[in-house]
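Peer 1: One predicted model, sequence on top.
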Protein chains: 2
Amino acid sequence: MTAVTKTEPFHISTLAIVGVGLIGGSFAAALRQAGCVGRVLGAGRRPETLQEAVRLSLIDEAVSLAEAAQRADFIFVAAPVGAFAAIFAGLKPTLNPKAVMTDGGSTKQNVIEAAREGLQDRIAQFVPSHPMAGSHETGPQAAQARLYQGKRVVLTPLVENHPQDIARVQGAWQACGANLVMLNPAQHDAAVAAISHMPHWVAALFMQHLTQSDDAALKLELAGSGFRDFTRVAQGSPEMWRDIFEANRQSMQTEIATFRKVLERAEHALNTGDYAYLQDMLEVASQARRDWVGQQS
Amino acid sequence: MTAVTKTEPFHISTLAIVGVGLIGGSFAAALRQAGCVGRVLGAGRRPETLQEAVRLSLIDEAVSLAEAAQRADFIFVAAPVGAFAAIFAGLKPTLNPKAVMTDGGSTKQNVIEAAREGLQDRIAQFVPSHPMAGSHETGPQAAQARLYQGKRVVLTPLVENHPQDIARVQGAWQACGANLVMLNPAQHDAAVAAISHMPHWVAALFMQHLTQSDDAALKLELAGSGFRDFTRVAQGSPEMWRDIFEANRQSMQTEIATFRKVLERAEHALNTGDYAYLQDMLEVASQARRDWVGQQS
């Protein structure tokens, strides 16, 4: 007789979502659509958001943090990163010893710090992750099962994590249709500062600049599709983004200082009529953008 | 018997497009689709572009500037604004006295200056315009009859223009499906610096900054939809944009200097941990962006 290794299909008996907005709601919807989740619990600050999530069938039941910790075998934390310390502290006392936790936080070093502080000796149960997906829309009504389809999810595992727990978090994201990338937390934070947090910073400041300027109403009336795309991200949740800038402050400071020099160099070129410099810069930019598009397809 | 006023439908016997790229080709395609144009001539620097435009049926025939000037009753100049002086000088000697000219240039004060210089005593035949439409794609193959549908076109008429010539240019743009706005040239240039040229400036410099940074390849691999939209305009034609920045230098200098102060104020807030300032800024930006979207629909 031959020993047969049976591969269990990925399954979560009780999933708890802490923060049932776009990110958390989409995670629940994706796993439900993939047929690999039993019961879905939802916890969060606002009862009306949880009621809306029940109405939309994203979750089956609204519970307290303590109850989510006790009943779930998989917990997804999807809240503004400033709330993570309190959430981990709230989960710890009743935490099911077999539960695996992950998160959707946009920064990783400070989330890990908050997790170490809140979870203490249960830190091994937390496998940090960051889905590189989103929308300028927010709340449970924006959730969609397809949000993570084909998108990158960065995992930044801890030295304490057990391989089978890392594998469970990978399994959940794969069930959502995502492609996984492994990075260390510092590398992750520097990369997302550059390609996600900086565009938001600049687009939001550009909107502030524009609304404060002369003839703002006329300008906005003439604005077209270039303006629309350039400023789209500025529409995101102010609270979420303030938390991100605070959480990823060090990487942002580095990015902002470096970008300031690039802006100043170009301003100098314009002031001195150095159009050859500007043409070279525009060619580098245009080529880099076209190369990036080529790599996406 | 009653006198009957017969309204002639808008019609161009011979249209000449100088520069048959995205903007010029789309103008020809739109007028042809609207059924209000007879023959379409094309002139331009690159014979291969004109051949491609013939192949795509955007124009019927490739001609010299002098021939376009002689045969056309309506001339549309759609070239990088740096080329306008030479084009107007090339059109003048053989210019049909009944021809009306307009343009698609992204700036108006310097185009008008080039027109006065090149056209001399024929300046009255030129009615400046600027369609607020475009694409990051370029060339005749990017042209589409729908490009101007529902888009704003700014007219900045000259004191010398005859009302019937202004009416003809308006008629052509209306046949393209555009909505007309009248502004003075200085007002136009300040407004487009703010809502069109600045997004390009910032997005291009952001791409340059990113490609020069550490781990650029990793960062670009993680970049998602926020980055995609924020940087889309940076893909535009380097030559066209260098000309625009040169042409609209004064308005750009004002915008850049004002925006620099906004960026510096926010950098100071991040450096000093003033997150309340950042939250207020983010709320202003998010609200302004949502208000703008609301006004579009």
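Peer 2: Yep, that arrived. Residues are numbered from 1 along each chain as shown, chains lettered A, B, ... in the order given.
Peer 1: Which parts of chain A are strands?
Peer 2: Shown for chain A, the strands assigned by DSSP state E span residues A:12-18, A:37-43, A:61-62, A:74-77, A:100-103, A:129-131, A:152-155, A:179-182.
Peer 1: Tell me which of those strands sits nearest to B:Ala269.
Peer 2: strand A:129-131 (25.1 Å; CB to CB). In this view, the C-beta of every residue, glycine as well, is placed from N, C-alpha and C.
Peer 1: Within the sheet, what are the partner strands of the closest one, with directions?
Peer 2: Taking DSSP bridges as the criterion, strand A:129-131 pairs within the sheet with strand A:152-155 (antiparallel).
Peer 1: Roughly how far does the residue nearest in space to the middle of chain A sit from A:Asp243?
Peer 2: Against the mean C-alpha coordinate of chain A, by CA atoms, centre = their mean, the closest residue is A:Ser106 at 4.1 Å. Distance of A:Ser106 to A:Asp243, given as CB to CB, to the nearest Å: 8 Å.
Peer 1: who touches both of the two?
Peer 2: Shared contacts of A:Ser106 and A:Asp243 (CB atoms under 8 Å, 6 or more residues apart in numbering or on different chains): A:Val81.
Peer 1: Just send the strands of chain A back as TSV, with mean pLDDT and mean neighbour count too.
Peer 2: Supplementary listing: the strands of chain A in TSV, determined by pLDDT from 0 to 100; neighbours: other CB atoms under 10 Å in any protein chain shown:
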stretch	mean pLDDT	mean neighbour count
strand A:12-18	98	24
strand A:37-43	98	22
strand A:61-62	98	18
strand A:74-77	98	26
strand A:100-103	98	27
strand A:129-131	96	25
strand A:152-155	96	20
strand A:179-182	95	14
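Peer 1: would you list these in a markdown table and tack on distance to B:Val77?
Peer 2: Converted to a markdown table, these look like this (distance: least, CB to CB, whole Å):
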| stretch | distance to B:Val77 |
| --- | --- |
| strand A:12-18 | 58 |
| strand A:37-43 | 61 |
| strand A:61-62 | 64 |
| strand A:74-77 | 58 |
| strand A:100-103 | 56 |
| strand A:129-131 | 49 |
| strand A:152-155 | 45 |
| strand A:179-182 | 48 |
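Peer 1: quick one: which of those strands is nearest B:Ile75?
Peer 2: Once the strands of chain A are compared by CB to CB, strand A:152-155 is nearest, at 50.3 Å.
Peer 1: what does that closest one contact?
Peer 2: Residues outside strand A:152-155 that contact it (CB under 8 Å, 6+ apart) are A:108, A:127-132, A:166, A:169-170, A:173, A:176, A:178-183, A:188, B:221-222, B:224.
Peer 1: Can I get it in CSV, CA atoms only?
Peer 2: The C-alpha trace of strand A:152-155 is given here as CSV (Å, rounded to 0.1, in the frame of the first residue of the first chain):
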residue,chain,number,x,y,z
ARG,A,152,-0.1,42.2,-5.3
VAL,A,153,-0.2,41.5,-1.6
VAL,A,154,3.1,42.0,0.3
LEU,A,155,3.8,39.6,3.3
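Peer 1: Helices of chain A, start to end?
Peer 2: Using DSSP state H, the helices of chain A run over A:22-33, A:47-55, A:65-71, A:84-91, A:109-119, A:163-175, A:185-192, A:198-212, A:216-222, A:225-231, A:238-247, A:249-271, A:275-296.
Peer 1: taking the mean pLDDT, what do you get for stretch A:220-232?
Peer 2: The average of the pLDDT scores along stretch A:220-232 is 93.
Peer 1: got the contact list for it?
Peer 2: Outside stretch A:220-232, the residues within contact range by CB under 8 Å, 6+ apart are A:136, A:203, A:206-207, A:210, B:132-134, B:151-152, B:154, B:181, B:191-192, B:195-196, B:199-200, B:202-203, B:226, B:229-230, B:232-233, B:289, B:292, B:295-296.
Peer 1: hmm, back to that, so which of the strands of chain A gets nearest A:Leu270?
Peer 2: Comparing the strands of chain A by CB to CB, strand A:152-155 comes nearest, at 36.5 Å.
Peer 1: shaky segments in chain A?
Peer 2: A:1-8, A:297 (pLDDT under 70).
Peer 1: Can you give me the domain boundaries for it?
Peer 2: A:12-182, A:187-296 (automatic domain parsing).
Peer 1: now the end-to-end length of the first one.
Peer 2: In this case it means domain A:12-182. 23 Å (CA to CA, to the nearest Å).
Peer 1: and what of the last one?
Peer 2: In terms of CA to CA, the two terminal residues of domain A:187-296 are separated by 21 Å.
Peer 1: From the chain's centroid, how far away is it?
Peer 2: 20 Å (CA atoms, centre = their mean, to the nearest Å).
Peer 1: Same question for the first one.
Peer 2: From the chain centre to the centre of domain A:12-182 is a distance of 11 Å (CA atoms, centre = their mean).
Peer 1: Which of the domains of chain A sits closest to B:Ala276?
Peer 2: Relative to B:Ala276, the nearest member of the domains of chain A by CB to CB is domain A:187-296, separated by 8.7 Å.
Peer 1: What's the nearest residue in the stretch 1-150 of chain A when you look at chain B?
Peer 2: The shortest separation between the stretch 1-150 of chain A and chain B is 4.7 Å, found at A:Met132 (distances taken as CB to the nearest CB).
Peer 1: Wait, that residue touches A:Lys151, no?
Peer 2: Yes: checked against CB atoms under 8 Å, the pair A:Met132 and A:Lys151 is within contact range at 5.7 Å.
Peer 1: These two: who's more crowded?
Peer 2: Between A:Met132 and A:Lys151, counted using other CB atoms under 10 Å in any protein chain shown, the more crowded position is A:Met132 (24 against 18).
Peer 1: who's in contact with that one?
Peer 2: A:151-154, A:192, A:196, B:222, B:224.
Peer 1: burial measure for A:Glu221, as a count.
Peer 2: The local packing of A:Glu221 (other CB under 10 Å) involves 16 other residues.
Peer 1: Closest one to A:Gly38 out of the contacts of A:Met132, please.
Peer 2: Out of these, the member with the shortest distance to A:Gly38 (by CB to CB) is A:Val153, at 22.5 Å.
Peer 1: nearest residue to that closest one other than its sequence neighbours?
Peer 2: Closest residue to A:Val153 in three dimensions, ignoring its sequence neighbours and counting by CB to CB, 6 or more residues apart in numbering or on different chains: A:Ala178, at 4.2 Å.
Peer 1: Just confirm the one you found contacts A:His130, I think it does.
Peer 2: No: here A:Ala178 does not reach A:His130: they are 10.7 Å apart, not a contact under CB under 8 Å.
Peer 1: wait, which of the contacts of A:Met132 is closest to A:Gly273?
Peer 2: For the contacts of A:Met132, the closest approach to A:Gly273 (CB to CB) belongs to A:Ser196, at 35.4 Å.
Peer 1: quick one: contacts for A:Ala115?
Peer 2: Under the criterion of CB under 8 Å, 6+ apart, the contact list for A:Ala115 reads A:84, A:88, A:123, A:126, A:128.
Peer 1: what do you get if the cut-off is 7 Å, keeping everything else the same?
Peer 2: With contacts defined as CB atoms under 7 Å, 6 or more residues apart in numbering or on different chains, the neighbours of A:Ala115 are A:88, A:123, A:126.
Peer 1: Near chain B, which residues of the stretch 51-200 of chain A are found?
Peer 2: Taking CB under 7 Å from any CB of the partner chain as the criterion, the neighbours of chain B within the stretch 51-200 of chain A are A:132-134, A:151-152, A:190-192, A:194-196, A:199-200.
Peer 1: what's the burial count for A:Thr258?
Peer 2: If we define neighbours as other CB under 10 Å, then A:Thr258 has 16 of them.
Peer 1: How about A:Asp165?
Peer 2: Counted with other CB under 10 Å, the neighbours of A:Asp165 add up to 21.
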